[in-house]
Every structure is written in structure tokens, then in C-alpha cells.
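A.B. asks: Attaching a predicted model along with its sequence, questions to come.
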Amino acid sequence: MLPSYLEGIAKQHLARRKQEAGRLTTAAAIARRRAWLREFIVKSVGGFPERTPLHARVTGILERDGYRIEKVVFESQPRFFVTANIYVPTHRPPPFPAVLIPLGHERGGKAHPDWQTLMVNLARRGYVCLAWDPAGQGERAQYYDPVRRESKLGAHRYVIEHTMPGIQCILNGDSVARYMIWDGIRALDYLLSRKEVDASRIACTGNSGGGNLTVYLAALDDRVHLAAPSCWVTSASRLMETLGPQDAEQSLIPSLAAGVEQADFITAFAPKPYLILAAIRDFFSIAGTRATFAEASRIYEALGAAGQLELFEADDGHGYTKPRREAFYRWLDRTGSPETPVAIESEEALRCTPTGQVHDSLGSETVASLNRKRTPGRNRLTREQLAGLVRARTAYAAPSGPLDIVRFGSLVRDGYRIGKLVYQTEPGILVPSLLFLPDAPRASAAPIVYVHGGGKSADAEAGGLIGKLAQSGHAVLAIDARGTGETAVLEPQDGQRYGGFFGDYSNTMKALLVGKTLVGMRAADIIRGIDVLAAELGVAPGTVFAVGRGNGGVAVLHAALLDGRFGRVAVQGMLRSYRDVVAAELHRGIFETVVPGVLHDYDLDDLEAALGPGRVLVLDPVDAMGSRLNPSGQGDSQILDFFRG
């Protein structure tokens, strides 16, 4: 249900965008689209840092036949160290054309054999090449354990080291792409500072995540004259239908709501030479690649540059394989000379730092540490002001339309009965629920909406809190807010790719990309529950209580602030603070509760305070890793007492 709902919204946005793209028939219209896209990227990533001194230095040189490899360290931001290798031809006099090479998730970073093969062959052809370790790879582990001498994130590090800080950045209204794109822009600054380089002939190529960065850099920086992304270009629509959103730097929020397709990035580079390198058997949809190429071709034709855009397809899988490398050589120098064998250097030989890590060699900043410095200060807001900001930040839309309650029988328990039902929050969103009705209701006992992050069944067993509340006279509606319980979606690739750190990453990110949040949508499901209670009890309750456990507590707090019908609210085992996530080194299981840019306006304790004294009970809050802080050990009894008081 949830992915279908979100993909439906994406299709609506992209259908509108398709109409706009059809009007890009003149150079003036294309120029406006280019300017708009650049503005969107800069805003989405939170703006770029100040251009500060690079303090570049060469830490070692390897002399080889016809070229040399220099080991370079520079600072893209103060004390944010970047490790790079530059390959310089020595068999002919400079100046040389140059190739900027952003890397993907390849193991070993700049030392990966495919990159060495590419750069040595380019150097032999007379090109200067610069490749650098992306944050989280090679010598730039962001979560380095100096005792174990490896990333704390283990086997999944190559993707988690991007998305772990990426989620922290989202809370500040930024993107980890801010740091990765800026590394690329500063790498280009360094490349152009070299006297051997002809600044009028700069190409950029990368594979996978490096293909993504190639696309970004080409769209943003006019100093790039030729672009060749490999194994990344598909289409946003096909990506949503197949793999889903990729790592945090590849997901510009809210690109789908804004109507950004991958063809827009190529449009921003037109009419300069652009080569799309693709694999027919890639996990990135080749159908999407072909659709993007077809749209971008119309742009190039409109600019009178049809021959400047080309698509090369190899019948193989993901990677910068030999067929794509040779296609790139041909595109650069228009010759058909084949690739030559390369003696691969060891990762240790190409290291730029003594220990092989900027963490312990240089005491480098990390994305997370730089992000912490950007966390805004606290605001003092009235409840009315806060409610407006909550609506905007969470993209909350009040539920409306028919409830369409469908009942599925009942169960009898000691002192209460349980009705099984499903209701509709909005078209396409059904909420499975259990309605606990006491045999001896108390007139003074307010009905309760109960939301558990793990779904309604988590506390519904005999002896659980919901039963205790019903036995004490409360009617309780326990719901599966969308994406939980019977509506939960945890795609296998999320668990495999992200090591269980981020929960339902795919649908959480889809929501953000289409301009929604799971927090805002789940708040609507909760608020709709009041209407269900009114329908089932035969009278509109004057006051409704709420219980939120785990991640359900975050949605409950937001719902209670947005709807004045909620009285007392009890939350247990809920994240204590969004600021805790930014301050922490690691986090787990909080992505579904994230609200973009929330720390510019409020934190969770601001919601608690705004609801008023004595109206919120907070039990057993957890830190960013889910560990309980000051556990009470008496949660059920404290909640029962709180609702009696």
C-alpha cells in the first residue's frame, strides 16, 4: 500500500514535469531550466561552504614509465582532508587536457583496479587525471575505529558511511551531497591550479555513485567541458518503480515534488559533449536510461548540437568495465586505440597519509562533525506558531473524505471485547485497527488512540497495556499507522544494503522526495482515529487521550499538537531529541521519524512543552541508538495512573 501510494504521487509530479519539459524548445527556455535546476540543487543541499584555502601538498611520488602518480592531500573545508592521486604524463610536454574522476562505492577508493586501469591508460594518452577518495571510502572513513583499524560500520560501510551522516544532515535541512559535491568542486580547483593542465579541456567521468557526482558537477560547474557518467543515468520514474531511492547524496529532497528528472541534469550541461555510459544488465533500468537519452536528445537537437550527445550500451553488468572505458577513450580523442594492460599498484602504495586514514593521521573533521557545527539554535515559539511550523515541516494534510470503515468480526476477552476493523484516512490509505471496548466503561475515562512503532499487535496480547486500559474502563483504538504492523514494508535490499540501521529506508526517502514525511502522514492516520472513535462509540468524544510507543510516540506528539481534541498524551521508549541524533556518532532506527530541516524550528521537547503542563507523560526516552535513558521499569502502571489522574 505505502509504496504504491507514494509512487502514485511521484507519477503525478512527473506527469506535470513532462508537460513542462515539452515546452523546452528554444535556447532561452533551456537556459531558464538550467538556471532553475542549479538553484534547486543548491537549495536542496543547504548551500555550499565558503571557498577556503586548499592547503594542498604532495606527500609522495611514484615514477612510472611515461607517467607519474602524485599522492595529494588538500582541505575542501578547513581540516576536512581529502586524499587524492593525480596521474601526470611525462612522455610529452604540457599542457595536457585533464579528466576529473569522482568515485563510486568501489572498494579501495582511488586504488581500485578499474580506476588505476582507466587513469594509467588516460595518462599514456596524454591526459592528467585526478581521483579522490569520497567521504566514507579509501583513506576517509567517517566512522573509523582506531583500535580495529577499520570502519565501525563493517561490511556495509561503503553505503552506510554516506547515509548515516546523510540522515543527520537532513535534520539540519542540508544534504550529505553538500559535502560530496563540494569535495568535487574543490578537487577541480586543485586540478586547475596545476601548471600542467589545460583549463580549456576538462572532462569528468565516474561510475555508479561517481556517475551521480559526475552528473551533479557537470550540471553545476561551467569549468567542466565534457561529461561521461557511467552506470548511473536512468530515469527518476523507473528508479522509483525498481530499486527505489539510492543513498542519501543521490536523493535530493524534494526532487520529485519539484519535478526533477535525470534528463534535467543533462539539459543543464547542453550543448557541451555528453556521453552516457550504460550497462544493459545493470540494476539501474536500461529502459530508464534510454528514455532519458531520448528526452535529452531533443534538447541537444533544439540547440543545434545533436552530435554532442551519445549513448553507449555494453551488454554487461554494473561497473566501469573495459567496454565502457574504451568507449570513453574514443569519445575523448576520437580514436579507436584499445586499452593497454596496467600494472596495478597496491592500496598501501597509493596512500597519501602515514596510517592510511585521515582520522588518525591528520585529525580530520567528518561530515557529522561539520554538520553539528551547522545545527541552528533554539527558538521560543507560541503553540500557534509551532503548530504552523509543524504543518509546514511535516507537510501535514488534514484527513478528509469518507472513513469507509470495514469490520472483520470481534474477539471476547476478560472484561472487554476487541473489534477488528479497517478505516480510510485518505484515498489509497487503509489503517488496520483493533477497537478495545470495556464491558464496564467509565464515563470519566476518555477514549484512547494507541500507536506503537511496531504496529498494533505489539501490546495487544493478554496482559498487555491495551488490555489493562480497557479493563480500567477506556475504549482504546490501536492502529497500524501507515507503514507499520500489517502495512509495514521492509524491502530485503534495505536490510542488506544498510545493515538494519535505517528501517524502511526506501519508503521513508520516497516520502521525502515527493514532498511528504512519514511523521506527517502518520499524524493524519492518528487524527483520523478520533473520527473512528466517534463513529464506533456513537458520540463525538470531547477529549481523546493518546499513547505512543517507540517511533509511534513521535507521530503521536505531532498529532496532539495539530488537533486540539487530544488531551493527555503518554509516550514511552521514544527518541528523546532530534538534536541527540545530530550530536551522536551513530544512530539506528530513527529515519522514519525524521522531518527535514526540523531543527531550524523545533525539537521534540518543544512539542511536549507546547501541549501544556501536566498533559504529557514521557517515559523511558531513548538515545539515537535506541538505548533507554533512565528506564522506569513501571511503564504500564505509570500510564494507567496518569490517565486516571
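C.D. replies: Okay, I see it. Numbering: from 1, shown residues only.
A.B. asks: is it true that Gly597 touches Thr394?
C.D. replies: No: here Gly597 lies out of contact with Thr394, judged by Cβ atoms under 8 Å, at a distance of 10.8 Å. Any C-beta I mention is one placed from the backbone N, CA and C, and that applies to glycine too.
A.B. asks: Tell me which of those two has more neighbours.
C.D. replies: In terms of neighbours (other Cβ atoms under 10 Å), Thr394 is the more surrounded of Gly597 and Thr394; the figures are 24 against 17.
A.B. asks: How much space separates the more buried one from Ile639?
C.D. replies: 25 Å (Cβ to Cβ, to the nearest Å).
A.B. asks: Tell me which residue is most central in this structure.
C.D. replies: Central residue of the chain (Cα atoms, centre = their mean): Ala248, 3.1 Å from the mean position.
A.B. asks: Tell me if I'm right that that residue and Arg178 touch.
C.D. replies: No: using Cβ under 8 Å, Ala248 is not in contact with Arg178, being 10.7 Å away.
A.B. asks: Residues in contact with both of the two, list them for me.
C.D. replies: Cys169 (Cβ atoms under 8 Å, 6 or more residues apart in numbering).
A.B. asks: For the residue nearest to the centre of the chain, give me its contacts.
C.D. replies: Per Cβ under 8 Å, 6+ apart, neighbours of Ala248: 162-163, 165-167, 169-170, 175-177, 509.
A.B. asks: could you redo the last one with a cut-off of 7 Å?
C.D. replies: 162-163, 166-167, 175-176 (Cβ atoms under 7 Å, 6 or more residues apart in numbering).
A.B. asks: of all these, which comes closest to Lys322?
C.D. replies: Nearest to Lys322, judged by Cβ to Cβ, of these is His162 at 27.1 Å.
A.B. asks: Let me know the secondary structure of the closest one.
C.D. replies: helix (DSSP: H, G, I helix; E, B strand; the rest coil).
A.B. asks: Distance check, it against Gly46.
C.D. replies: As judged by Cβ to Cβ, His162 and Gly46 stand 16 Å apart.
A.B. asks: When these two are compared, which one has more neighbours?
C.D. replies: It is His162, of His162 and Gly46, that has more neighbours when counted by other Cβ under 10 Å, with 26 against 20.
A.B. asks: neighbouring contacts of the helix or strand hosting Asn121?
C.D. replies: In this assignment (DSSP states H and E), Asn121 forms part of helix 113-124. With Cβ under 7 Å, 6+ apart as the test, helix 113-124 has contacts from 66-67, 87-89, 99, 101, 103, 106, 129, 131, 319-320, 325, 329, 339-340, 342, 344-345.
A.B. asks: Check which element follows the worst-scoring helix or strand of the chain on mean pLDDT along the chain.
C.D. replies: The weakest-scoring helix or strand in the chain, judged by mean pLDDT, DSSP states H and E, is helix 492-498 (a mean of 60). Using DSSP H and E, the next helix or strand after helix 492-498 towards the C-terminus is helix 505-513.
A.B. asks: Just the mean pLDDT for that next one, thanks.
C.D. replies: The average pLDDT within helix 505-513 is 96.
A.B. asks: going forward, begin numbering at 687 instead of 1
C.D. replies: With 687 as the first residue, the last one maps to helix 1191-1199.
A.B. asks: other SSEs contacting the very next helix or strand once past that helix?
C.D. replies: Downstream of helix 1191-1199, the next assigned helix or strand under DSSP H and E is helix 1204-1223. Here helix 1204-1223 touches helix 1069-1080, strand 1102-1112, strand 1115-1124, strand 1134-1138, strand 1162-1165, helix 1191-1199, helix 1238-1248, going by 3 or more Cβ pairs under 7 Å, 6 or more residues apart in numbering; DSSP states H and E.
A.B. asks: quick check: mean pLDDT across the last one?
C.D. replies: By that I understand helix 1238-1248. Taken as a whole, helix 1238-1248 carries a mean pLDDT of 98.
A.B. asks: do the shortest one as well
C.D. replies: For strand 1162-1165, the mean per-residue pLDDT is 98.
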